[in-house]
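A.B. asks: Show me the folded form of this:
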Amino acid sequence: MPRIYGDELNIDEKAMEDFWEMRAEKYSEEHPYVSVKLNDKNPDFSDKIDEYERKNVMPMLNIKDDSYVIDIGCGVGRLAESIVDQCRYYLGTDVSEGLLQIARKRIVSETECDFLPMAFQELDNVSEKVKYSGRYNRVIIVGVLLFMNDAELTKSLENLLTILDEHAVIYISVSVALEERITLTEWESQDFEGEYNAIYRTREEYMKLYKPLLDAGFKVSHQDFLAKEFQRFSETARYYLILER
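C.D. replies: Predicted coordinates:
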């Protein structure tokens, strides 16, 4: 159960795709967010984080009837619940077809929306696979980046730029390391069943990785810890930022 500090090591991304398919099997209607929030033994905690995010962060995206939204790593459609009826078009993507099947059943709306099995780094081909072929002006990337290696993350952000409108808002939320990079490989978590692979980068590391976005004219309009009053661990914490162009 390696827990490695400092070194820039890669994780097995295919193992993470398999992990999320396994998590789809953990879905329950009583606690729908646990399967993606990974708090099997404390489902109320997932609900608290979700409530905080919807109330305090999502309004910053200013989603309205001329918004074209892409939600990368949409899971079971957790955030789609409060988005689809506000926007012009919504697209949720995820590497797990199992999670997407749940999302398609949960999200019913008169707004045009699609749920597409697609990895982040493949987004440059997204217009060929959905009914909407234009550009997106709202982007949501929640809980995705810690499951990607540095090279794939950089490629994904570069590809993201090819589908964005001239004026756009990007919301990124990810768990970060508070002092130094931590890589987990085949980690056996006490919160859920299954081996877990993830990279907890520092905020400084992430700002370097966001260079493609910053070079393309995006600026950080807001950043902070997400629901820091609910922080459970001493080495990591949820952090978010809003980028605007």
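
A.B. asks: Bridged to the most centrally placed residue in the chain, which residues?
C.D. replies: Geometric centre of the chain, nearest residue: residue 142, 2.3 Å, by CA atoms, centre = their mean. Assessed by DSSP bridges, residue 142 has beta-bridge partners residue 173.

A.B. asks: Residue 196 now?
C.D. replies: Applying DSSP bridges to residue 196 gives these bridge partners: residue 187.

A.B. asks: right, and it touches residue 184 too?
C.D. replies: Yes. Taking contacts as CB atoms under 8 Å, residue 196 lies within contact range of residue 184: 5.9 Å. C-beta here means a position set from N, CA and C on the backbone, and glycine is covered the same way.

A.B. asks: So which bits of stretch 203-213 are buried?
C.D. replies: For stretch 203-213, burial by neighbour count (16 or more other CB atoms under 10 Å) applies to 205-206, 209-210, 212-213.

A.B. asks: tell me which helix or strand of this protein sits lowest on mean pLDDT?
C.D. replies: Lowest on mean pLDDT, DSSP states H and E among the helices and strands of the chain sits helix 34-37, with a mean of 65.

A.B. asks: Which other helices and strands does the longest helix anywhere in the chain contact?
C.D. replies: Longest helix of the chain, by residue count under DSSP state H: helix 43-56. Under the contact criterion of 3 or more CB pairs under 8 Å, 6 or more residues apart in numbering; DSSP states H and E, helix 43-56 touches helix 34-37.

A.B. asks: re the thing from before, so which of the buried residues of stretch 203-213 belong to helices?
C.D. replies: Secondary structure from DSSP H places 205-206, 209, 212-213 of those in helices.

A.B. asks: Pick the one among those closest to residue 165.
C.D. replies: Nearest to residue 165 among those: residue 213, at 13.7 Å, using CB to CB.

A.B. asks: check contacts around that closest one.
C.D. replies: Taking CB atoms under 8 Å, 6 or more residues apart in numbering as the contact definition, residue 213 lies against 157, 160-161, 170, 243.

A.B. asks: Need the pLDDT of it.
C.D. replies: Per-residue confidence at residue 213 stands at 98 (pLDDT).

A.B. asks: Now for residue 57, how many residues are close by?
C.D. replies: Neighbourhood size, residue 57 [other CB atoms under 10 Å]: 19.

A.B. asks: Got the phi and psi for it?
C.D. replies: The phi/psi pair for residue 57 (degrees, to the nearest 10) reads phi -110, psi -50.

A.B. asks: Dump stretch 203-214 to PDB, restricted to CA.
C.D. replies: Provided in PDB are the C-alpha atoms of stretch 203-214 (Å, rounded to 0.1, in the frame of the first residue of the first chain):
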ATOM      1  CA  ARG A 203      -1.400  24.200  -5.200                       C
ATOM      2  CA  GLU A 204       1.900  25.500  -6.600                       C
ATOM      3  CA  GLU A 205       2.200  22.400  -8.800                       C
ATOM      4  CA  TYR A 206      -1.300  22.800 -10.100                       C
ATOM      5  CA  MET A 207      -0.700  26.500 -11.100                       C
ATOM      6  CA  LYS A 208       2.300  25.300 -13.200                       C
ATOM      7  CA  LEU A 209       0.100  22.700 -14.900                       C
ATOM      8  CA  TYR A 210      -2.600  25.300 -15.600                       C
ATOM      9  CA  LYS A 211      -0.100  27.200 -17.800                       C
ATOM     10  CA  PRO A 212      -1.900  26.300 -21.100                       C
ATOM     11  CA  LEU A 213      -5.000  28.000 -19.700                       C
ATOM     12  CA  LEU A 214      -3.200  31.000 -18.300                       C
END
